[in-house]
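Trainee: quick one, structure for this:
(chains A and B)
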Amino acid sequence: SQWGEENLQALSIQEGEDVTMNCSYKTYTTVVHWYRQDSGRGPALIILIRSNEREKRSGRLRATLDTSSQSSSLSITAAQCEDTAVYFCATPTSGGNYKPTFGKGTSLVVHP
Amino acid sequence: GALVYQYPRRTICKSGTSMRMECQAVGFQATSVAWYRQSPQKTFELIALSTVNSAIKYEQNFTQEKFPISHPNLSFSSMTVLNAYLEDRGLYLCGATGTVNSDYTFGSGTRLLVI
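Mentor: Just a heads-up that it's a prediction; the model follows:
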């Protein structure tokens, strides 16, 4: 498996709090994508970070990538109820044409 | 913008029967289409990757005989689940990209229930 053997994680926070989700990967990659999946929908790309970027920001999102520890994180600042979703990290599958390989995901619930 | 429509959204089939799901790309040319199955625990399994003008590549544990895929043009792909059984239940997702080695846009999925 490309990913650590963690199960779907569940986080529950209050609106306005900050939250960080982590994932680790086993094989070399130069880019990590973060997706969110809303209930009843497919995953949607929200931010990607490349190996030369260490940190990437987009609005209230912040992604980090540490190639030495083969880990990435996604932080949400001042979480809002609409941030409730399942979040996945994904890396390009090695060999052949690119297609994302998804991690196990983190279910985030933001309470009002 | 790039959109992917996937249908049906939900289907129920009897054990041993087959069902077909379709994926339509709007606003871009779907050069590559990747089909996934997502378990109730949210785990993704890649079934196969179809790239126009290339052979469809199936992942381990998935075969063309069980999950035949058609990708006849740059806006459409379909996949059939043949002889569906309980273990085939899940959310089937198609993701498409217009550029090789670029980001994928996903449909909302087809949820397959087998009874």
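Trainee: contact partners for whichever residue of chain B sits closest to chain A?
Mentor: Nearest residue of chain B to chain A, counting by CB to the nearest CB: B:F106, 3.3 Å away. All C-beta spots, glycine's among them, are computed from the backbone N, C-alpha and C. Residues in contact with B:F106 (CB atoms under 8 Å, 6 or more residues apart in numbering or on different chains) are A:42-44, B:4, B:93-95.
Trainee: may I ask which of the residues you listed has the most neighbours?
Mentor: B:C94 (31 neighbours; other CB atoms under 10 Å in any protein chain shown).
Trainee: which element is the closest residue to B:Y36 other than its chain neighbours on?
Mentor: Residue nearest to B:Y36 in three dimensions, not counting chain neighbours: B:L93, with 4.5 Å by CB to CB, 6 or more residues apart in numbering or on different chains. Per DSSP states H and E: B:L93 is located in strand B:90-97.
Trainee: so what does that strand touch, helix or strand wise?
Mentor: strand B:3-7, strand B:19-26, strand B:32-38, strand B:76-81, strand B:105-106, strand B:110-114 (3 or more CB pairs under 8 Å, 6 or more residues apart in numbering or on different chains; DSSP states H and E).
Trainee: change it to 7 Å
Mentor: If you count contacts as 3 or more CB pairs under 7 Å, 6 or more residues apart in numbering or on different chains; DSSP states H and E, strand B:90-97 packs onto strand B:3-7, strand B:19-26, strand B:32-38, strand B:105-106, strand B:110-114.
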